[in-house]
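Enquirer: Fold the following, please.
(one chain, ligands or ions: 1)
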Amino acid sequence: MAGRPTDDATGDAPLAPATRVVQLGRDPARFDGFVNTPVVRGSTVLSPTYDDLIHHRGRYSYGRRGNPTTEGLETALAALEGGDGVALTPSGLSAISIALLAVLGAGDHLLMVDTAYAPTRRVCDVELKRLGIETTYYDPLVGAGIAALIRDNTRAIFLESPGSQSIEIQDVPAIAAVARARGITTLIDNTWATPLYFQPHKVGVDISIQAGTKYIGGHADVNLGTISAVGEAWKKVHATHGNMGITISPDDAALGARGLRTLAVRLAQHHRSGLEVAEWLATRPEVSRVLHPALPTDPGHAIWKRDFSGACGLFSLILKPVPEVAVAAFFDALTLFGMGYSWGGYESLAIPFNCSGYRTATTWAPEGPAVRLHIGLEDVADLKADLDQAFARMKAVAGGDGM
Ligand SMILES: *Cc1c(COP(=O)(O)O)cnc(C)c1O
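Expert: Predicted coordinates for the structure are as follows:
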């Protein structure tokens, strides 16, 4: 795992994000001029002398502990996040579980946001519970009111903003300030914004997690997790990640690095296209509400505008009430939007969702069926036309049901 890199050593003016994602974490001179860091395969690393071996003088010690390919990605991400270091894991979910294991122990209490990525709840309700760690779920809109939920044994507060599927924006700085004042570690799943559009460490969050599977990979061809941390939290994450033997393949690290190079231009396009489709959907008679924080009408808009520098291509909408057969007709009619989980790739996706069965601190009872869209890099007019014809099919099936 890489320590804090010195990428800004070139001068006083910090480079812009689009430049940094191109420059960070690679060193062509080290690899005979090749632009990209090679995929280095290896478990054993040989030492030239007995003395070097017993004094651990090598830059690398053993494949599981890192190689030039993984180190390049760690270094780039640590610089982008402003973290003291980054640990790579084989999936976004394993980044979440390893980070939680690093900062919690038997008898501790965790405050987990109710709108977290649903599999995160299983980490808490099954695995952490088994280890004697208790979880309380909290309303994402609690803000500084989180103070009232803190117990003597509360050791960590986990955030995710916007919330999975339902897209609530949290007041991250307010929650982080309450936690800091009490010595409680904060963790955030920052997959939606990426470190380009929101920088958790800058507002006092200790641990910033990415499902690199999404925008960092960016091509729906890799599962990857990243944990950036500062201070004591980085020492703990570094230790637990190493002790538990977590490692990723150099091929996956290379895919992550390749995705990173185009992250800024891809995200800018996802932002533009996503917002354009969201604005268009808000005018459609079939749609009750669009849940997108960059829309001025969104309840989270003010905080989003204050804290974020952009939006990705993922948002949700609530349809006006229609029978399920009509919803099915809508999805089955889509030709450019694929139906499938995950997001953050170049392609557009659509899924139905319903949070009512598992949330415990908030109530999910929207007025109609809920749909999550990922707006990919296709032409926006083509995407609107696809949605338009799918709405027509939906209405035809709903027929006399008042549409
Ligand atoms: C997809 C996702 C994850 C999990 O990533 P995997 O690589 O699928 O394990 C975690 N958090 C969020 C917000 C996600 O969207």
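Enquirer: Could you use CA atoms for every contact and neighbour count after this?
Expert: Will do.
Enquirer: Check the nearest residue to Ala211 once chain neighbours are set aside and give its pLDDT.
Expert: Leaving aside its sequence neighbours, Ala211 sits nearest to Gly92 (C-alpha to C-alpha, 6 or more residues apart in numbering; 3.8 Å). Gly92 carries a pLDDT value of 98.
Enquirer: show me the contacts for Gly92.
Expert: Contact partners of Gly92, counting by C-alpha atoms under 8 Å, 6 or more residues apart in numbering, are Ile209, Gln210, Ala211, Gly212, Thr213, Asn223, Leu224, Gly225, Thr226.
Enquirer: now Ser161
Expert: Ile167, Glu168, Ile169, Gln170, Val172, Ile188, Asp189, Asn190, Trp192.
Enquirer: Burial check on the nearest residue to Pro323 once chain neighbours are set aside, number of neighbours?
Expert: Closest residue to Pro323 apart from its sequence neighbours, by C-alpha to C-alpha, 6+ apart: Ala398 at 6.6 Å. Neighbourhood size, Ala398 [other C-alpha atoms under 10 Å]: 19.
Enquirer: Which parts of the chain are helices?
Expert: For the chain, the helices defined by DSSP state H cover 17-23, 50-54, 68-81, 92-103, 118-122, 129-130, 172-181, 194-197, 231-243, 250-261, 263-282, 301-307, 324-333, 380-398.
Enquirer: Model confidence score at the residue sitting nearest the centre point of the chain, please.
Expert: With distances taken as C-alpha atoms, centre = their mean, the residue of the chain nearest its centroid is Thr191 (1.2 Å). Thr191 is assigned a predicted lDDT (pLDDT) of 98.
Enquirer: Then Thr10?
Expert: Here, the pLDDT recorded for Thr10 equals 50.
Enquirer: ok so, going back, so which of the contacts of Ser161 is surrounded by the most neighbours?
Expert: The residue in these with the most neighbours, by other C-alpha under 10 Å, is Asp189 (28 neighbours).
Enquirer: Would you check how far apart it and Ile216 are?
Expert: Asp189 sits 14 Å away from Ile216, going by C-alpha to C-alpha, to the nearest Å.
Enquirer: do the same with Arg122
Expert: Arg122 is 25 Å from Ile216, where distance means C-alpha to C-alpha.
Enquirer: do the same with Asn354
Expert: The gap separating Asn354 from Ile216 is 27 Å, by C-alpha to C-alpha.
Enquirer: Looking at these two, which one has more neighbours?
Expert: Ranked by neighbour count (other C-alpha under 10 Å), Asn354 and Ile216 place Ile216 first, with 32 against 14.
Enquirer: and that one, what is it in contact with?
Expert: Taking C-alpha under 8 Å, 6+ apart, we find Ile216 in contact with Thr194, Gly256, Ala257, Gly259, Leu260, Leu263, Gly344.
Enquirer: Could you verify my assumption that the residue nearest to Pro323 touches Ala328?
Expert: No: using C-alpha atoms under 8 Å, Ala398 is not in contact with Ala328, being 10.5 Å away.
Enquirer: who touches both of those two?
Expert: Joint contacts of Ala398 and Ala328 (C-alpha under 8 Å, 6+ apart) do not exist.
Enquirer: Apart from its chain neighbours, what residue comes closest to the residue in the stretch 251-400 of the chain that the ligand sits nearest to?
Expert: Closest to the ligand within the stretch 251-400 of the chain is Ser342: 5.3 Å, counting by C-alpha to the nearest ligand atom. Of all residues not flanking Ser342 in the chain, Lys214 sits nearest, at 7.0 Å (C-alpha to C-alpha, 6+ apart).
Enquirer: Would you mind listing what in the stretch 301-403 of the chain touches the ligand?
Expert: Residues of the stretch 301-403 of the chain lying near the ligand by C-alpha under 6 Å from any ligand atom: Ser342.
Enquirer: For the stretch 301-403 of the chain, which residues score under the pLDDT cut-off?
Expert: Flagging of the stretch 301-403 of the chain using pLDDT under 70 yields the residue ranges 400-403.
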